[in-house]
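Enquirer: Coordinates for the following, if possible.
(4 chains)
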There are 2 protein chains.
Amino acid sequence: MTDDTDDADTRRRQVVEAAARVLAEDGPHGLSLRRIAAEAGGSTQIVYTLFGGKPGLADALYGEGFRRLSQAMVAALAVAPPPGDPERLMALGRAYLAFAETEPAFFAVMFGRAIAGFTPTRDTRAYGRECTFGLVVREAQACLDAGTLVGPDAEDLARICWATGHGVASLDAAGMLHAEHRDAFVDLALRTPLVAHRPLG
Amino acid sequence: MTDDTDDADTRRRQVVEAAARVLAEDGPHGLSLRRIAAEAGGSTQIVYTLFGGKPGLADALYGEGFRRLSQAMVAALAVAPPPGDPERLMALGRAYLAFAETEPAFFAVMFGRAIAGFTPTRDTRAYGRECTFGLVVREAQACLDAGTLVGPDAEDLARICWATGHGVASLDAAGMLHAEHRDAFVDLALRTPLVAHRPLG
DNA sequence: ACACGTGTATAACAGTGTTATGACGCCGTT
DNA sequence: AACGGCGTCATAACACTGTTATACACGTGT
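Expert: Residues are numbered from 1 along each chain as shown, chains lettered A, B, ... in the order given. Below you'll find the model as predicted:
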């Protein structure tokens, strides 16, 4: 049998998952190469051979975060009303906020410069935008096509929805929100762009 | 004459300003105690005697960031239409975005976990929320009183406006926005909560 | 069988935050 | 005026970080 568990890509994935575990346990501050190496069962050198250094691993971790976020958003769409219903945009927003709350360390790495001296690669950023923001654009376009929303083009509408959800998530992660009825406020906030662009009558 | 330049508070301010210079020059990653000490003309020990360690200095820097942001927002209000005009909320949002763009390092410290292992104090967070979010609440209340906006209470309305502006600023800082006409989109986004809560007719 | 190349582990390096140590000055007391 | 005590400062050391150089083991092609 072709046992490809020694493949370079496979080992990369293993190290990324080990790093993700460390990240979830100890936060971005505890994400040291020695800790990761211990978790992955090797030496710190492995990070250099597989990723070229810590920034390379951070970039992979950054991409992994977007992969998981995208996965959560797709899962939310699977149990949402059919395309064209603005409730699908609400579902995406709620999934986004849930991810930010359950994976604060990933969220900080992706949007908060949590790993010292790391800036994501242009390509990885483009990938992250594609696999998350792309979902929002698609749903916004469907709503515009169905006439359930009116206004600017799908890209701008999606950007507004994204910014609204991201703003709530980011402020919440920063401990700045303090709304008495959090869930009710989240609904109110996420619905704001939809209210602003609802069809007349 | 009473030369109080040797006051502890004065020295604290000097060190904070030195740290702010280092932060602006080298970013959060370059913010080391030895670098700060050199900039302030002393030893690393000064940070421990004045702030109890790096987290203490980071907390002071965090507060300083909100002080500067609040100052920029107040300055924007000074040249805005009189209270009750929703354009004042637009002015606050634009000042917020301008701050995020001109002081990305401060913005990252305030909202992005950019200093490793630092979490702001409860009190400092409350201060930051007060001197920035408080301004938004006041203007939102004025608009509700004047009838130029209708909808939820001032706090929720202000939270929505804040989240929208912060979301745009944060996504932009993360290199995620990529709107072709940035200024036009910023206007469109900031206006969304106002459109959603405009009076009928 | 032998050279080569690749990946790994070890150890060393510069840098970080932190802490202990010792020296200095300043203030109040006697 | 001299003393003791307190606080502040600079220096040096500690454990830790990312990174790099070195040496070793393994697999492969000839």
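Enquirer: ok, the residue lying closest to A:Ala179 once chain neighbours are set aside to A:Asp172 distance?
Expert: In space, and not counting its chain neighbours, A:Ala179 is closest to A:Phe185: 3.9 Å by C-beta to C-beta, 6 or more residues apart in numbering or on different chains. Just so you know, the C-beta spots here come from the backbone N, C-alpha and C atoms, and that holds for glycine as well. The gap separating A:Phe185 from A:Asp172 is 10 Å, by C-beta to C-beta, to the nearest Å.
Enquirer: can you give me the helices in chain A?
Expert: A:8-26, A:33-40, A:45-51, A:54-78, A:87-102, A:104-111, A:122-146, A:154-173, A:182-196 (DSSP state H).
Enquirer: most tightly surrounded among the ones you listed?
Expert: Among the helices of chain A, helix A:154-173 has the highest mean neighbour count (mean count of other C-beta atoms under 10 Å in any protein chain shown), at a mean of 25.
Enquirer: and the nearest residue to A:Arg191 once chain neighbours are set aside, what does it touch?
Expert: The shortest distance from A:Arg191 to any non-neighbouring residue, by C-beta to C-beta, 6+ apart, is to A:Met90 (6.8 Å). Contact analysis of A:Met90 by C-beta atoms under 8 Å, 6 or more residues apart in numbering or on different chains lists A:187, A:190-191, A:194.
Enquirer: okay if I get the residues you listed as TSV plus pLDDT and distance to A:Tyr127?
Expert: Formatted as TSV, the contacts of A:Met90 follow (pLDDT from 0 to 100; distance: C-beta to C-beta, whole Å):
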residue	pLDDT	distance to A:Tyr127
A:Asp187	97	30
A:Leu190	98	25
A:Arg191	98	29
A:Leu194	98	28
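Enquirer: can I get those residues in JSON lines with distance to DNA strand C?
Expert: Listed next are the contacts of A:Met90 as JSON lines, based on distance: C-beta to the nearest atom of the strand, whole Å:
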{"residue": "A:Asp187", "distance to DNA strand C": "40"}
{"residue": "A:Leu190", "distance to DNA strand C": "39"}
{"residue": "A:Arg191", "distance to DNA strand C": "43"}
{"residue": "A:Leu194", "distance to DNA strand C": "45"}
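Enquirer: Quick check: the farthest pair among these?
Expert: A:Asp187 and A:Leu194 (10.8 Å; C-beta to C-beta).
Enquirer: For the residue of chain A found nearest DNA strand C, which non-adjacent residue is spatially closest?
Expert: Nearest residue of chain A to DNA strand C, counting by C-beta to the nearest atom of the strand: A:Ser43, 3.1 Å away. Excluding its sequence neighbours, the residue lying closest to A:Ser43 (C-beta to C-beta, 6+ apart) is A:Ala37, at 5.5 Å.
Enquirer: rewinding a little: the residue of chain A closest to DNA strand C reaches A:Ile36, doesn't it?
Expert: No: judged on C-beta atoms under 8 Å, A:Ser43 makes no contact with A:Ile36 at a distance of 10.5 Å.
Enquirer: what's the spacing between stretch A:12-31 and its chain's center?
Expert: Put simply, stretch A:12-31 sits 16 Å off its chain's centre (C-alpha atoms, centre = their mean, to the nearest Å).
Enquirer: Mean confidence (pLDDT) on it, please.
Expert: Per-residue pLDDT over stretch A:12-31 has a mean of 97.
Enquirer: Keeping just the C-alphas, turn it into PDB.
Expert: The C-alpha coordinates for stretch A:12-31 follow below in PDB (Å, rounded to 0.1, in the frame of the first residue of the first chain):
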ATOM      1  CA  ARG A  12       3.100  20.200   7.200                       C
ATOM      2  CA  ARG A  13      -0.500  19.600   8.000                       C
ATOM      3  CA  GLN A  14       0.500  17.700  11.200                       C
ATOM      4  CA  VAL A  15       2.700  20.600  12.400                       C
ATOM      5  CA  VAL A  16       0.000  23.200  11.600                       C
ATOM      6  CA  GLU A  17      -2.600  21.200  13.600                       C
ATOM      7  CA  ALA A  18      -0.100  20.900  16.500                       C
ATOM      8  CA  ALA A  19       0.400  24.600  16.300                       C
ATOM      9  CA  ALA A  20      -3.400  25.100  16.200                       C
ATOM     10  CA  ARG A  21      -3.700  23.100  19.400                       C
ATOM     11  CA  VAL A  22      -1.000  25.100  21.100                       C
ATOM     12  CA  LEU A  23      -2.700  28.300  19.900                       C
ATOM     13  CA  ALA A  24      -6.000  27.200  21.300                       C
ATOM     14  CA  GLU A  25      -4.500  26.200  24.600                       C
ATOM     15  CA  ASP A  26      -1.900  28.900  25.400                       C
ATOM     16  CA  GLY A  27      -3.000  31.700  23.100                       C
ATOM     17  CA  PRO A  28      -0.800  33.500  20.600                       C
ATOM     18  CA  HIS A  29       1.700  34.500  23.300                       C
ATOM     19  CA  GLY A  30       2.400  30.800  24.100                       C
ATOM     20  CA  LEU A  31       3.000  29.900  20.500                       C
END
